[in-house]
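Novice: I'll drop the sequence and a predicted model, then ask my questions.
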Amino acid sequence: MSTVAPARLHHLALTVTDLPASINWYSGVFGLRYVMDAPHPGGFAQLLADEAMQLMIVLHRHDANEGELFRESRTGLDHPGFVVPTRDDLVAWQEHLESHGVVRSDTADKPLTQSPIADEDYGSVLVFRDPDNIQLELVALPSA
């Protein structure tokens, strides 16, 4: 039996309806900077990354996009999850998200909303949504 090298996430690519607005939002929320253009057949993308190139998000605009909001209940992406060191970091993220127009709500079920922090057996979770309704999660794993 052959073995393969372990894989790790290289980048996250998302289709958005308003590329400039999403670039501004993702840059502000995640502290990313523009790295390069990535034109492709039928559209255009821009790569954003942090200084260490550890978090890279590619935002795509497709000519065939009909402008509908994202729904995780369809086949494909459900949501990306990002880890933070502690639950206190999630509390800080709540305020950070608010400063970028992501309002607190009972549930994150509309664009630019965030849920309360949920404490689960596997960790604490903060759910929020981008301008296109794409669900994102921040997770603080339980302390050992």
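Specialist: Okay, I see it.

Novice: from here on, just use CA atoms for contacts and neighbour counts.
Specialist: OK.

Novice: tell me where this structure has helices.
Specialist: Taking DSSP state H as the criterion, the chain carries its helices at 19-30, 87-98.

Novice: got TSV for the ones you listed, with distance to residue 114 and mean neighbour count too?
Specialist: Output for those, formatted as TSV (distance: least, Cα to Cα, whole Å; neighbours: other Cα atoms under 10 Å):
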stretch	distance to residue 114	mean neighbour count
helix 19-30	13	17
helix 87-98	8	16
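
Novice: quick one, strands of the chain?
Specialist: All strands of the chain, identified by DSSP state E, fall at 12-15, 33-37, 43-49, 56-62, 81-84, 103-104, 113-114, 118-120, 123-129, 135-140.

Novice: just the ones you listed: most buried one?
Specialist: strand 113-114 (a mean of 24; mean count of other Cα atoms under 10 Å).

Novice: distance from the chain centre to it, please.
Specialist: With Cα atoms, centre = their mean, to the nearest Å as the basis, strand 113-114 stands 13 Å off its chain's centre.

Novice: can you name every helix or strand that that strand contacts?
Specialist: Secondary-structure packing of strand 113-114 (3 or more Cα pairs under 8 Å, 6 or more residues apart in numbering; DSSP states H and E): strand 103-104, strand 123-129.

Novice: only alpha carbons, please: show the longest one as CSV.
Specialist: Coordinates of the C-alpha atoms in strand 123-129 are reproduced here as CSV (Å, rounded to 0.1, in the frame of the first residue of the first chain):
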residue,chain,number,x,y,z
GLY,A,123,-15.5,23.8,21.6
SER,A,124,-17.0,27.3,21.5
VAL,A,125,-18.3,28.5,18.2
LEU,A,126,-19.1,31.9,16.7
VAL,A,127,-21.1,31.8,13.5
PHE,A,128,-21.3,34.8,11.1
ARG,A,129,-22.1,35.6,7.5
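
Novice: give me the contact list for it.
Specialist: 87, 90, 94, 102, 108-119, 135-142 (Cα atoms under 8 Å, 6 or more residues apart in numbering).

Novice: take the helices and strands packed on strand 113-114 and write them to a markdown table, including mean pLDDT.
Specialist: What follows is those, written out as a markdown table (pLDDT from 0 to 100):
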| stretch | mean pLDDT |
| --- | --- |
| strand 103-104 | 98 |
| strand 123-129 | 95 |
